[in-house]
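**Q** got a sequence here, can you model it:
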Amino acid sequence: MKKESSAASKLRSPVETSDSSSPITLRRGPTSHRFLVWFFAALVAVLAFWLLGYLNRDIDDLEGPNYDTLVTQKLPSALIDQSESLAKQIDDTRVRIESLTKQRELLQQSVSNSQQTINQLLDLQKLSIENEAALSDDQEEALSSNLQAFLDRQAESQRLGTEVEGQSQALRLLLNEKRVVEEQLQTARLPLIDVYQGAVSDHEWKLAGYKLLILLPLLTLIAFAWWKSVGTPFAALMYAFAASVGGRAILVMHQHFPSIIFRYLLFGTALFVATWILFRLLKSITEPSQKWLLKQYRDAYAMFQCPICEFPIRRGPMRFTSWTQKTLRKSLSLVSAADSTEGDEAYTCPCCGTQLFESCSVCNKTRASLLPACDKCGDKKAIAALPVT
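**A** Model (predicted):
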């Protein structure tokens, strides 16, 4: 009973390596659980990205330099007052011209009506002379009054036309004077444009500093936590925070940094990350970790291939069988249960000379040499390192 309980405890314990302080524990969980973990990790990344975006927008609301205020403070006040006064006079003159023009149009219409009335009365007078009859007193008075009104309105129309012409001339003079003043103001504004652009640039750097003062410490803290959480179940959470904070930091630099500085930072960082990943990949080949070795050995044994040189493992019922990764399942289906235990003895790869199956030191049955546990009794040993070639 003691032997069974110890074997059971061995089966439940993590896979021990040669370094007892760093056991390999595989906690993958069901597929649905892993999907939920990465789904909520992506959701955390999106929510954190949005939250940092709201924080950045609040920082963007800080008041920056105002061009109108700068102009008011730096430009000569006499020129500004003169420009405003001329603008007011120009508006008033245009209003008067428009009002006079409308009055003249109405008066011209009245003159036209009076002229039609006079023409009708003159036709009546001509007809009376032809008939040797005189106009009545009322008709004479109407002809005389309409003729006088026509002359008065025509004189008023001419006066309004003269006044419109005068106002138009005054408007032209005002516009010329305004143009001269605006040229003087434009000359005075030229130095202020450089001052304003410098103030805007300083304000952009200030906003970038405030944002990065929040993002960079967060990114450093997350990088440290990610380094500590590599290989643990909390790595997905660190990936989510790193993606959100890193993405927001890149957007901040793109928004506030000059394009030439941003390009150097972006491509320099990308080069550093790519070099670091390549270095880690090369190191995983030359100095593989126990977890990486275990995965390589496990996958190779499952495919009936040598984990070292990928030569097919031809032993037992698979001795005279040929297969590929696509036809492996079909080849295994042709092996009967009785044949599966045939030829269960030690085996060495004929290509690279690596011992792949050996006798277990506890139960004396055949076990995989490169895997940590015996499939018969559960005895464990350290995972063998890759041979140096």
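**Q** got the buried residues for stretch 347-365?
**A** For stretch 347-365, burial by neighbour count (16 or more other CB atoms under 10 Å) applies to Tyr347, Cys349, Thr354, Leu356, Phe357, Glu358, Cys360. No exception for glycine: its C-beta is placed from N, CA and C like everyone else's.
**Q** could you do stretch 211-227 as well?
**A** Neighbour counts over stretch 211-227 (16+ other CB under 10 Å) mark Lys211, Leu212, Ile214, Leu215, Leu218, Leu219, Ile222, Trp226 as buried.
**Q** go through those residues and flag which are in helices.
**A** Mapping the buried residues of stretch 211-227 onto helices (DSSP state H) picks out Lys211, Leu212, Ile214, Leu215, Leu218, Leu219, Ile222, Trp226.
**Q** what's the fifth one in contact with, if anything?
**A** I take that to be Leu218. Counting by CB atoms under 8 Å, 6 or more residues apart in numbering, Leu218 touches Phe241, Val245.
**Q** now with 10 Å?
**A** Counting by CB atoms under 10 Å, 6 or more residues apart in numbering, Leu218 touches Ala48, Leu52, Phe241, Ala242, Ser244, Val245, Gly246, Arg248, Ala249.
**Q** quick check: closest non-adjacent residue to the second one.
**A** If you skip the residues right next to it in sequence, Leu52 has Arg248 as its closest partner in space, 4.4 Å away by CB to CB, 6 or more residues apart in numbering.
**Q** which of the helices or strands spans the one you found?
**A** Assigned by DSSP states H and E, Arg248 falls within helix 235-256.
**Q** check Ile308 too.
**A** Per DSSP H and E, there is no helix or strand for Ile308.
**Q** check Gln154 too.
**A** Per DSSP H and E, Gln154 falls inside helix 137-229.
**Q** and that helix with helix 235-256, angle?
**A** Interaxial angle, helix 137-229 versus helix 235-256 (axes from the mean of the first three to the mean of the last three CA atoms, to 10 degrees): 140 degrees.
**Q** next SSE after the helix or strand containing Leu282?
**A** If you go by DSSP H and E, Leu282 is part of helix 259-286. Counting by DSSP H and E, the element after helix 259-286 in chain order, helix or strand, is helix 290-302.
**Q** for that following helix, packing partners?
**A** Applying 3 or more CB pairs under 10 Å, 6 or more residues apart in numbering; DSSP states H and E, one finds that helix 290-302 contacts helix 259-286, strand 355-359, strand 366-368.
**Q** quick check, nearest of the buried residues of stretch 347-365 to Asp91?
**A** Distance ranking of the buried residues of stretch 347-365 against Asp91, using CB to CB, places Thr354 first at 96.8 Å.
**Q** state the phi and psi torsions of the closest one.
**A** When read as degrees, to the nearest 10, the backbone of Thr354 gives phi -80, psi 130.
**Q** who touches the residue nearest in space to the middle of the chain in this structure?
**A** Centrality entry for the chain: nearest residue to the mean C-alpha point is Leu251, 6.6 Å, by CA atoms, centre = their mean. Shown in contact with Leu251 (CB under 10 Å, 6+ apart): Phe49, Leu52, Gly53, Asn56, Lys211, Leu215.
**Q** settle this for me: Cys208 is touching Ile59, isn't it.
**A** Heads up, residue 208 is Ala, not Cys. Yes: here Ala208 reaches Ile59: they are 9.4 Å apart, a contact under CB atoms under 10 Å.
**Q** joint contacts of these two?
**A** Common neighbours of Ala208 and Ile59, using CB under 10 Å, 6+ apart, are Val252.
**Q** before we move on, the earlier item: need the helices and strands packed on helix 290-302 in CSV (columns: mean pLDDT and distance to Gln296).
**A** Shown next, in CSV, are these (pLDDT from 0 to 100; distance: least, CB to CB, whole Å):
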stretch, mean pLDDT, distance to Gln296
helix 259-286, 87, 10
strand 355-359, 86, 13
strand 366-368, 86, 13
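**Q** before we move on, the earlier item: and the helix holding Leu282, what does it pack onto?
**A** Here helix 259-286 touches helix 235-256, helix 290-302, going by 3+ CB pairs under 10 Å, 6+ apart.
**Q** repeat the analysis, applying 8 Å as the threshold.
**A** On a contact count with 3 or more CB pairs under 8 Å, 6 or more residues apart in numbering; DSSP states H and E, helix 259-286 meets helix 235-256.
**Q** what comes up buried for the helix it packs on?
**A** 236-246, 248-249, 251-253, 256.
**Q** closest to Leu75 among the buried residues of stretch 347-365?
**A** For those, the residue nearest Leu75 by CB to CB is Thr354; the value is 86.3 Å.
**Q** for the closest residue to the closest one other than its chain neighbours, grab the count of nearby residues.
**A** Nearest residue to Thr354 in three dimensions, chain neighbours excluded: Ile308, at 4.7 Å (CB to CB, 6+ apart). By other CB atoms under 10 Å, the residues close to Ile308 number 20.
**Q** can you tell me how far Ile308 is from His203?
**A** Using CB to CB, to the nearest Å, Ile308 is found at 63 Å from His203.
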